[in-house]
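Engineer: predicted model, plus sequence, below.
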There are 2 protein chains.
Amino acid sequence: MSEQRVVRPTPISGFPEWTPQVRAVEQRWLDHIRAGFESYGFASVETPSVENLDVLMAKGETSQEVYTLHRLQADAKDDSDARLGLHFDLTVPFARYVAQHFNELTFPFKRYQMQRVWRGERPQEGRYREFTQCDIDVINVDSVPLHFDAELPRIVHQVLSGLDLPSWTLNVNNRKVLQGFYEGLGVKEPLTVIRAVDKLHKIGDDGVRDILLGEGLNDEQADACLALARVRGAGKDVAGKVEALGVTSELLSEGLEELTFVLDELADLPEGSVVADLSIARGLDYYTGTVYEASFDDDPAYGSICAGGRYEDLAGQFIRRRLPGVGISIGLTRIFAKLVAEGRIQEGRVCPTDVMVVVPNAERRKDALRTGALLRERGFNTEVFHSTAKVGKQIQYASKKGVPFVWFPPFGEDGDHEVKDMASGDQGPADPATWRPATDDTSA
Amino acid sequence: MSEQRVVRPTPISGFPEWTPQVRAVEQRWLDHIRAGFESYGFASVETPSVENLDVLMAKGETSQEVYTLHRLQADAKDDSDARLGLHFDLTVPFARYVAQHFNELTFPFKRYQMQRVWRGERPQEGRYREFTQCDIDVINVDSVPLHFDAELPRIVHQVLSGLDLPSWTLNVNNRKVLQGFYEGLGVKEPLTVIRAVDKLHKIGDDGVRDILLGEGLNDEQADACLALARVRGAGKDVAGKVEALGVTSELLSEGLEELTFVLDELADLPEGSVVADLSIARGLDYYTGTVYEASFDDDPAYGSICAGGRYEDLAGQFIRRRLPGVGISIGLTRIFAKLVAEGRIQEGRVCPTDVMVVVPNAERRKDALRTGALLRERGFNTEVFHSTAKVGKQIQYASKKGVPFVWFPPFGEDGDHEVKDMASGDQGPADPATWRPATDDTSA
């Protein structure tokens, strides 16, 4: 061995990895999010990590960020995997999935999907090359009730509220309000204004105004666009604030009605958790109604921690059916990695063991194994010590691994079982068939 | 939309994907396996999907099967991801992980890892290009107690027994028995014999004999090797059968002692579930003691559904510490995909919804939402119907989605809640704060 060349491994930039203590927390987060999605009746979908390149590129974009796959030594007789790329989000695979399995699905289709995605971006704060997204979408043939525009932020609120995050706000807007307002103003190319306003947080009022004037808007129009972007609030007063700007159009009224419905439905949530922010535009062209974006209150520049909205047509590039929907994606890794980096994660246990059973000696070994099996059947994660080392050494192992309870089977033919609470040091008799910890120290 | 070119998507060979009903079962399997691993105190580890190529190739092999990553449009200024490949198993990443995080881990380190892996193999029955492996390993500095050689097959037995599989056998052997026996016979190159015997199931007795004679063994030696390979059994009689062949060596005795220990420890398992099979060799050179291999009894040619063994040195290529261990890998996708293809999976529900709450009319909508929230808090996955469609249509939706219970809130200011059991058709009053289903119809 000593003659072997040792290649000391180093972390790969952009590909996060956690110690077991941190991974235990990540797993708890994933379980919590999954349970939240399922509690609203969303079904799990997973797709392969790869798609054909023509599927990934079906929107007509050529993304620099796509990782394509190549075999180290290509097999000339079999190039069936020659045009594959890793998916860069979960929306494109979901669209392809729905088109491919259309006749096997029940609509409206409510699905969640929690998977890794890959982007060949330059790694920087909040940007990873491999990261986990947690998506929920509702799609249906031809139309999707507005009910879901309000249900999704409620689900996200429930899910994020259970994760002990620094304070965040989920902002809501409606693209019809923006487009209808700009149309009412007489703007010829509303999408241009939407794209400009979407940059507001980066380039500020003056930057946006410059773009708008450059696009041919007059001062009054530009002022009105910026005034709209300053509107904030919850409930029905949002529509009032917009109407006070004196612009009207049919689309604007429709958008305000939708936005008011969503805000009204969520009025029971804690104040400030879901807020209308009329500057939220979401750059992506395919959003057509409600849009969502959440960020940390104390670090908005970190970028969105979840985002989504309503779209008219999920999978038009793959199937001749109109499939509108509404969806939100939670950037799990983006949120989790920031908290880890800032030391804001309370680490989990070194191992999931609730109870370690001591092996008194070689003769009592099978008894100890049976005690372990019984505790396990009763739902306790249980290790039976792996040798007949001195009892002190066995306890030391449990202590080093942070195991909350150490179990002592009888050391002779007869005698009582005893259990020691490692946190308090208390030790006393216990029956493996009925014992329960006094406090809930066994949660990971 | 109608003018858009539609690229009808097709499945990608070797990359399995399931409908939501089948995915629900796969998720239940994954949860079951994870719970089984954790019940023995194993901690979760996940590693990135990619490793540096020099890590993947550290064993000196150049695998044709490795998928390397390339960006669609490479960024000349940043080629930090230019030498990355997707991992092809979970052992190499685990070795790298342990070396990299050595000072952050607590030993003996018991970890499980359930992730997708990728191999650019030609797709064929039982072979996938993307598949999920479920690995458990125990590693330690310098030595690992034999306890774990017996614990791992017990865990695998517990886990596989809960999956409703066609009958399977977990075969056990010990490389010391093989090597010690061949040495006792006077064979110069025991590894050559091991590799030949490993082919027994493919090429038969005559094929193996030809190889052995070609390698310079005489008839008597070749006969003895084949006689050893025919030994089967459980418990202490296995050692007796081997000893009856009249070959002795120190290594052989040591191996028989280890094998007997493992079989004896597992004697309480149902007969035939763990069986010594002295023909099991596991071709991989790094196994040094106990080896495991399980296959389906009615289709042994399908190949192993789980496999593993004891190794002397996990990560010698990455760190100057001797880290022996013992591990088993369950081929989840290999098992699951076969059962799906053969129609042996009882499909899960279309969606995880336990209860669908009817919305009687627009006025009672918020009441229905509150009832839904209450049922959800009580642990029932609950959908509130997404519009105020006619009640018959709402019930039809629940029926189409296979939702087991439909909930009727009061249709006026006052009145009782009622719940309908969709399977039996029974309907009666129920209190959302206390209701429980009579039968456990809510398990997915």
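Structural biologist: All right, it came through fine. Computed from a predicted model, the values in this text were never measured in an experiment. Residues are numbered from 1 along each chain as shown, chains lettered A, B, ... in the order given.
Engineer: A:Tyr112 pairs with what?
Structural biologist: A:Ser44, A:Ile136 (DSSP bridges).
Engineer: next, the buried residues of the helix or strand A:Leu152 falls within.
Structural biologist: Per DSSP states H and E: A:Leu152 is located in helix A:147-161. Neighbour-count burial for helix A:147-161 flags A:147-160 (criterion: 16 or more other C-beta atoms under 10 Å in any protein chain shown). For glycine as for every other residue, the C-beta is placed from the backbone atoms N, C-alpha and C.
Engineer: show me what contacts A:Val187?
Structural biologist: Residues counted as contacts of A:Val187 (C-beta atoms under 8 Å, 6 or more residues apart in numbering or on different chains) are A:Val193, A:Leu217, A:Gln221, A:Cys225.
Engineer: what's the helix holding A:Leu152 in contact with?
Structural biologist: Contacts to helix A:147-161, defined as C-beta under 8 Å, 6+ apart, come from residues A:32-33, A:36-37, A:39-40, A:108, A:136, A:138, A:168, A:170, A:172, A:258, A:261-262, A:265-266, A:269, A:273-274, A:289-290, A:292, A:294, A:305-306, A:308, A:310, A:326-328, A:330, B:386-387.
Engineer: and the residues you listed, which of them are buried?
Structural biologist: A:33, A:36-37, A:39-40, A:108, A:136, A:138, A:168, A:170, A:172, A:258, A:261-262, A:265-266, A:269, A:273-274, A:289-290, A:292, A:294, A:305-306, A:308, A:310, A:326-328, A:330, B:386.
Engineer: now, which of those lie within strands?
Structural biologist: A:136, A:138, A:168, A:170, A:172, A:274, A:289-290, A:292, A:294, A:306, A:308, A:310, A:326-328, A:330 (DSSP state E).
Engineer: which of the buried residues of helix A:147-161 lies closest to A:Pro123?
Structural biologist: A:Leu160 (24.9 Å; C-beta to C-beta).
Engineer: got any ranges where chain A has weak pLDDT?
Structural biologist: Scanning chain A with the threshold set as pLDDT under 70 gives A:1-4, A:60-62, A:76, A:283-284, A:439-444.
Engineer: could you find the closest non-adjacent residue to A:Pro437?
Structural biologist: Excluding the flanking residues, the one nearest A:Pro437 by C-beta to C-beta, 6 or more residues apart in numbering or on different chains is A:Phe405, at 6.5 Å.
Engineer: can you report how many residues lie near that neighbour?
Structural biologist: Neighbourhood size, A:Phe405 [other C-beta atoms under 10 Å in any protein chain shown]: 23.
Engineer: please apply the same query to the one 4 residues further on.
Structural biologist: The number of residues packed near A:Pro409 is 22, by other C-beta under 10 Å.
Engineer: do I have it right that it meets A:Met356?
Structural biologist: No. In terms of C-beta atoms under 8 Å, A:Pro409 does not count as a neighbour of A:Met356; the distance is 11.7 Å.
Engineer: okay, strands next: where are they in the stretch 101-250 of chain A?
Structural biologist: Counting by DSSP state E, counting those that start in this stretch, residue ranges of the strands within the stretch 101-250 of chain A are A:109-118, A:130-139, A:168-174, A:232-233.
Engineer: can I get those strands in a markdown table with distance to A:Ala99?
Structural biologist: Shown next, in a markdown table, are the strands of the stretch 101-250 of chain A (distance: least, C-beta to C-beta, whole Å):
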| stretch | distance to A:Ala99 |
| --- | --- |
| strand A:109-118 | 12 |
| strand A:130-139 | 11 |
| strand A:168-174 | 27 |
| strand A:232-233 | 39 |
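Engineer: next one: stretch A:240-257 to chain centre, how far?
Structural biologist: Relative to the centre of its chain, stretch A:240-257 is centred 33 Å away, using C-alpha atoms, centre = their mean, to the nearest Å.
Engineer: what comes up buried for that stretch?
Structural biologist: Within stretch A:240-257, the residues that qualify as buried are A:Lys241, A:Val242, A:Leu245, A:Val247, A:Ser249, A:Leu251, A:Leu252, A:Ser253, A:Gly255, A:Leu256, counting by 16+ other C-beta under 10 Å.
Engineer: quick one, domains of chain A?
Structural biologist: Chain A breaks down by automatic domain parsing into domains covering A:20-69+A:80-202+A:229-341, A:355-429.
Engineer: flag every residue of the stretch 101-250 of chain A that's near chain B.
Structural biologist: Within the stretch 101-250 of chain A, the positions near chain B by C-beta under 8 Å from any C-beta of the partner chain are A:101, A:104-106, A:108, A:110-111, A:116, A:118, A:120, A:122-123, A:129-130, A:145, A:147-148, A:151.
Engineer: one step back: give me the angle between the helix holding A:Leu152 and strand A:109-118.
Structural biologist: Per axes from the mean of the first three to the mean of the last three C-alpha atoms, to 10 degrees, the angle that helix A:147-161 makes with strand A:109-118 is 50 degrees.
Engineer: what inclination does helix A:147-161 have with respect to strand A:130-139?
Structural biologist: Going by the same axes, to 10 degrees, helix A:147-161 makes 150 degrees with strand A:130-139.
Engineer: what angle do strand A:306-311 and helix A:147-161 make with each other?
Structural biologist: 170 degrees.
Engineer: quick one: distance of helix A:147-161 to the chain centre.
Structural biologist: 13 Å.
Engineer: what do you get for stretch A:197-206?
Structural biologist: Worked out by C-alpha atoms, centre = their mean, stretch A:197-206 lies 27 Å from the chain centre.
Engineer: for stretch A:427-434, same thing?
Structural biologist: Relative to its chain's centre, stretch A:427-434 lies at 41 Å (C-alpha atoms, centre = their mean).
Engineer: would you mark the buried spots in that stretch?
Structural biologist: Buried, per 16+ other C-beta under 10 Å, within stretch A:427-434: A:Ala430, A:Pro432.
Engineer: pretty sure the residue nearest to A:Pro437 is touching A:Ser424, no?
Structural biologist: No. When contacts are counted by C-beta under 8 Å, A:Phe405 is not listed as touching A:Ser424 (10.5 Å).
Engineer: one step back: which among the contacts of A:Val187 count as buried?
Structural biologist: Burial by neighbour count, 16+ other C-beta under 10 Å: within the contacts of A:Val187 this picks out A:Val193, A:Leu217, A:Gln221, A:Cys225.
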